[in-house]
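K.L.:
could you look at this predicted model? Sequence included:
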Amino acid sequence: DAANLAELARVDVGDTVYSVAFSSDGTQVVSGHGMRDFSIERGAIKVWDAANLAERASVDVDKDVRSVAFNSDGTMVASANMCARSALLTACRSQVKVWEAGRPDLAGSLTEIASVDLGGFVTSVAFGSKGTKVVSGGDLGIQMWECDTYLGSLIELASVDGGGDVNSVAFSGDGTKVVSGAIMGAVKVLDAESLTELASFDTGSEVTSVAFNGDGTKVV
């Protein structure tokens, strides 16, 4: 309960939970999972009923799921599927994927509808307010993607250096801006269309998470 932080529900998942997010209507929660043992490449994405944390749908993947996000109407989930850092010295490739989560005939499952392989690691993803754009962050900087479900791919629209390896990205509520936080301490606010920098600040220490307030006028 947000008023007093009284626990309303709990579920034991038995592995590491790297990321959680609500759907915009508050009825669903999505979680991204990975194994505690970095020698094992395996993870999962799970969708839960927000009222009681009953599992609605899930899918197993072959990498840690470091970040998850719903699109605006809760019918799709984006995920950042990342190799363990020890495995990045090999041919392992991280991925950004989009999954269909809202069709009644797919109850119990998440179906992959678009993906892209990346040469480095990816730690954060977010959906834009219109539901077709996905932003990702990692050691390749910040990348903006168009989700093309017909082709089953994510098409890169723009990319920019994030001031070091990027730990976190987020859209503003209206989808016009992106904020990023980097391991070297940089916080950047970018135009969501072109990824042109609008503002930046060096915190002097690692930034692990960023977010906009409701009207996009403040960043935490």
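P.N.:
That came in fine, so what should we check first? Predicted, not measured: the structure shown is a model, and the values here were computed from it. Numbers count the residues shown, from 1 in each chain.
K.L.:
show me the shaky parts of this structure.
P.N.:
Within the chain, the segments meeting pLDDT under 70 span 36-41, 84-92, 102-107.
K.L.:
center of it - which residue?
P.N.:
Val125 (2.8 Å; Cα atoms, centre = their mean).
K.L.:
residues contacting that residue?
P.N.:
By Cβ atoms under 8 Å, 6 or more residues apart in numbering, Val125 lies in contact with Ser67, Val68, Ala69, Ala78, Ser79, Ala80, Val96, Val134, Val135, Ser136, Gly137, Val169. C-beta coordinates here come from the backbone N, C-alpha and C atoms, glycine included.
K.L.:
out of these, who's nearest His33?
P.N.:
Val68 (9.3 Å; Cβ to Cβ).
K.L.:
gap between Gly204 and Asp139?
P.N.:
If you measure Gly204 against Asp139 using Cβ to Cβ, to the nearest Å, the figure is 21 Å.
K.L.:
now swap in Leu5 and tell me
P.N.:
35 Å.
K.L.:
between the two, which one's more packed in?
P.N.:
Set side by side, Leu5 and Asp139 show more neighbours around Asp139, with 18 against 7, by other Cβ atoms under 10 Å.
K.L.:
what's next to the helix or strand containing Tyr18, contact-wise?
P.N.:
In the assignment (DSSP states H and E), Tyr18 maps to strand 16-22. If you take Cβ under 8 Å, 6+ apart as the criterion, strand 16-22 is touched by 28-36, 50, 64-70, 80.
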